[in-house]
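K.L.:
fold the following for me, if possible:
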Amino acid sequence: MTHHHSTRLTPATLATLPATVVRPAYDLGATRIGIVHIGVGAFHRAHQAAYVDDLLVDDPQWAISGVSLRNPDVRDALQPQDGLYTLALLGERPQLRVIGAIRELLCAREQRAAVLVRLANPEVRLVTLTITEKGYCLSGDDLDLAHPEIVRDLASPEAPAGAIGYLVAGLLRRWRMGVAPYTVLSCDNLPDNGRRLRRVVLQYAEHVDARLARWIEAEVAFPRSMVDSITPATDDALRDSVAQALSCMDAWPVQRETYAQWVVEDLFCNGRPAFERVGVTMSDDIAGYDRAKLQLLNAPHSALAYLGSLLQIETVAEAMTEPVLAGFVERLMREAIAPNVAAPRGFDAQRYIDAILARFQNPAVRHRLSQIAWDGSQKLPVRLLGTIGDALAAGRPIGWLCLPVAGWIQFVRRQAGEGVALVDPLDQVLSQVGRACTGDAMGDVDAFLGVDAVFGDLTKQARFVDALRHAYAELGDGSPAAVSQALASAA
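P.N.:
Residues are numbered from 1 along each chain as shown. All right, here's what the predicted structure looks like:
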């Protein structure tokens, strides 16, 4: 049922909220805008804006101007609330917190002049982005000069429409005014995001004015970063429960799991907030954190997805209530994967594993195994096969690491046998191989190993081929009983 409250969440209603709701611990009116964020969607509002909300308690100069490039919905929902919205942290019972970090909301398509004036404002010293990989207009590692948005923006660089166009138009204004540039911080999960963004910005700027490009190259910092937190979409159930808890209406609350990680390279050109005071990890080894996440979070996710699907389990949290599977995945992480992780300095793998297991067990987050199972041909090489390669090179055991890979083969075989299409770019090839499976470990595994795009050079390693055939044979016919038996005996 929907609760209609005539009052709306605004600075005036903050005082009336129940004591259990956390609210901004600073004077909203005393803040100044120091950050422009492009792509002000749910992830930004649940993640980076919450960190900034903590910063503003001690340092009021880093409030956010949230810019949507095309869609006015976030602005139209939050402007009447003076930028306030509720963040629900999903634990055993949700914790509600009102975030005040976003002090201005703009829609670039309708307010181009205001966005450009804001970007040129000397008080703005940091521009952050969550625009998804598409927004970078990449072609490999380079700027896609044929991309319609780039073609359009380069034709009128002072009246841009896309993210790259706005970044450079803002820097162009500052360069002409003799104002120090802003740091540009990508918060998208794109490997090596800072370096790649720097490259496309320089290539774009080169087409606008070569002297501008030289200035950007010399003066502007593009730190790498990594973000992590599961943020389920806002639905009516969230809107209703928030309205009920606040006794007032919030047009656009957001939600995320309690766990959040933000790792940022300490590379800024015009001052920076004291991020480390609010739980951000400042590191010069973002690639190391990316690797640790791929190996210690994404690999076990895939293991849960394939082995859990074979056990007919639906979500990660349900999988963690199944003792044989939960026990196997924990041992896989601690004993088979962790020794192969080239961890960044100061990184505690066992503590990170503790945090991941707690995330996996969180019943408030319904993370579907079927979704994690998508695109296995793309994910397995980076999540598991690389670790297997490292373990082989170091002479470490690989038996447990092969079990989830065998689980994927069984999963493909089952889907193909039932005539269910895979959500995978290699669907046709894999389904054909899967349909031809007979249950003979040697024949089935060797047919899959023939898919070069997945296995590459590993097929030349006899130790891997033997271990994978053995793991596949252990899983028998891939039925829940056979999979349970295999996991129990893997102990």
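K.L.:
please parse this protein into its domains.
P.N.:
11-284, 287-490 (automatic domain parsing).
K.L.:
make a markdown table out of those and add mean neighbour count and mean pLDDT.
P.N.:
Using the backbone N, CA and C atoms, a C-beta is placed for each residue, glycine as well. Below are the domains of the chain laid out as a markdown table (neighbours: other CB atoms under 10 Å; pLDDT from 0 to 100):
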| stretch | mean neighbour count | mean pLDDT |
| --- | --- | --- |
| domain 11-284 | 18 | 97 |
| domain 287-490 | 18 | 96 |
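K.L.:
all strands for the stretch 201-350 of the chain, in order.
P.N.:
With strands called from DSSP state E, counting those that start in this stretch, the stretch 201-350 of the chain shows them at 225-228, 254-257, 261-264, 281-282.
K.L.:
let's have those strands in TSV, adding distance to Gln244.
P.N.:
Compiled in TSV, these are given as follows (distance: least, CB to CB, whole Å):
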stretch	distance to Gln244
strand 225-228	30
strand 254-257	15
strand 261-264	31
strand 281-282	36
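K.L.:
quick one: which of the ones you listed is nearest Leu357?
P.N.:
strand 254-257 (13.2 Å; CB to CB).
K.L.:
list the neighbouring strands of the closest one plus their orientation.
P.N.:
With DSSP bridges as the test, strand 254-257 is paired with strand 85-90 (parallel).
K.L.:
need the next SSE after the partner strand, C-terminal direction.
P.N.:
strand 95-99 (DSSP states H and E).
K.L.:
list the contacts of that following strand.
P.N.:
Residues from elsewhere that reach strand 95-99 (CB atoms under 8 Å, 6 or more residues apart in numbering): 9, 14, 17, 20-24, 45, 49-50, 53, 84-89, 242, 245-246, 258.
K.L.:
from the chain's centre, how far out does it sit?
P.N.:
Remark: strand 95-99 is offset 21 Å from the chain centroid, using CA atoms, centre = their mean, to the nearest Å.
K.L.:
hmm, who's touching the following helix or strand past that strand?
P.N.:
Next helix or strand after strand 95-99 toward the C-terminus (DSSP H and E): strand 102-107. With contact meaning CB under 8 Å, 6+ apart, strand 102-107 is reached by 28, 31, 33, 37, 40, 45, 49, 63-68, 70-72, 74-75, 78-79, 83, 85, 114-115, 118.
K.L.:
restricted to strands, list these.
P.N.:
Among the contacts of strand 102-107, DSSP state E puts Ile33, His37, Ala63, Ile64, Ser65, Gly66, Val67, Ser68, Tyr85 in strands.
K.L.:
and these, which is closest to Arg195?
P.N.:
His37 (20.6 Å).
K.L.:
and the nearest residue to that closest one once chain neighbours are set aside, what element?
P.N.:
Excluding the flanking residues, the one nearest His37 by CB to CB, 6 or more residues apart in numbering is Thr128, at 4.8 Å. Assigned by DSSP H and E, Thr128 falls within strand 126-129.
K.L.:
list the helices and strands that strand packs on?
P.N.:
strand 33-38, helix 163-177, strand 183-186 (3 or more CB pairs under 8 Å, 6 or more residues apart in numbering; DSSP states H and E).
K.L.:
who wins for proximity to Ile313 among these?
P.N.:
Of these, nearest to Ile313 by CB to CB is strand 183-186, at 35.4 Å.
K.L.:
give me the residues contacting that closest one.
P.N.:
So strand 183-186 is contacted by 125-129, 167, 193-194, 196-198, 201, 220-225, 264, 267-270, 272 (CB under 8 Å, 6+ apart).
K.L.:
try it again at 7 Å.
P.N.:
125-129, 167, 193-194, 197, 201, 220-223, 225, 264, 268-270, 272 (CB atoms under 7 Å, 6 or more residues apart in numbering).
K.L.:
hmm, who's touching the longest helix anywhere in the chain?
P.N.:
When the chain is parsed with DSSP state H, its longest helix is helix 399-417. Helix 399-417 is contacted from outside by 302-303, 306-307, 309-310, 331-332, 336, 373, 376, 380, 384, 387-388, 391, 422, 430-431, 434-435, 437, 444-445, 448, 467-468, 471-472, 475, 478, 490, using CB under 7 Å, 6+ apart.
K.L.:
what's the first helix or strand after the helix or strand Leu468 falls within?
P.N.:
Taking DSSP H and E as the definition, one finds Leu468 inside helix 462-474. Later in the chain than helix 462-474, the nearest helix or strand by DSSP H and E is helix 480-490.
K.L.:
which elements pack onto that following helix?
P.N.:
helix 299-310, helix 323-331 (3 or more CB pairs under 7 Å, 6 or more residues apart in numbering; DSSP states H and E).
K.L.:
now do it against helix 462-474, angle only.
P.N.:
130 degrees (axes from the mean of the first three to the mean of the last three CA atoms, to 10 degrees).
K.L.:
report the distance from helix 480-490 to the chain centre.
P.N.:
32 Å.
K.L.:
re the thing from before, need the helices and strands packed on helix 480-490 in JSON lines with distance to Asp354, can you?
P.N.:
As requested, those are exported to JSON lines (distance: least, CB to CB, whole Å):
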{"stretch": "helix 299-310", "distance to Asp354": "13"}
{"stretch": "helix 323-331", "distance to Asp354": "10"}
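K.L.:
which among these is found nearest to Glu276?
P.N.:
So among the helices and strands packed on helix 480-490, helix 299-310 is nearest, using CB to CB, at 28.1 Å.
K.L.:
ok, and what's touching the closest one?
P.N.:
So helix 299-310 is contacted by 316, 319, 325, 329, 332-333, 337, 369-370, 372-373, 379-380, 383-384, 387, 404, 407-408, 410-411, 478, 480, 483, 487 (CB under 7 Å, 6+ apart).
K.L.:
alpha carbons of that helix, as CSV, please.
P.N.:
Extracted C-alpha coordinates of helix 299-310, given in CSV (Å, rounded to 0.1, in the frame of the first residue of the first chain):
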residue,chain,number,x,y,z
ALA,A,299,35.6,-15.3,-8.4
PRO,A,300,33.7,-16.6,-5.4
HIS,A,301,30.6,-14.9,-6.8
SER,A,302,31.0,-16.9,-9.9
ALA,A,303,31.6,-20.1,-7.9
LEU,A,304,28.3,-19.4,-6.0
ALA,A,305,26.5,-18.7,-9.2
TYR,A,306,27.3,-21.9,-11.0
LEU,A,307,27.5,-24.4,-8.1
GLY,A,308,24.5,-22.7,-6.5
SER,A,309,22.4,-22.8,-9.7
LEU,A,310,23.1,-26.5,-10.0
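K.L.:
from the chain's centre, how far out does it sit?
P.N.:
19 Å.
K.L.:
surely the residue nearest to His37 meets Cys187?
P.N.:
Yes: using CB atoms under 7 Å, Thr128 is in contact with Cys187, at 5.6 Å.
K.L.:
find residues that contact each of these two.
P.N.:
Common neighbours of Thr128 and Cys187 (CB under 7 Å, 6+ apart) are Gln48.
K.L.:
for the ones in strands among the contacts of strand 102-107, which one is nearest Lys293?
P.N.:
His37 (22.8 Å).
K.L.:
which residues does the closest one bridge with?
P.N.:
Going by DSSP bridges, His37 forms beta bridges with Gly66, Thr128.
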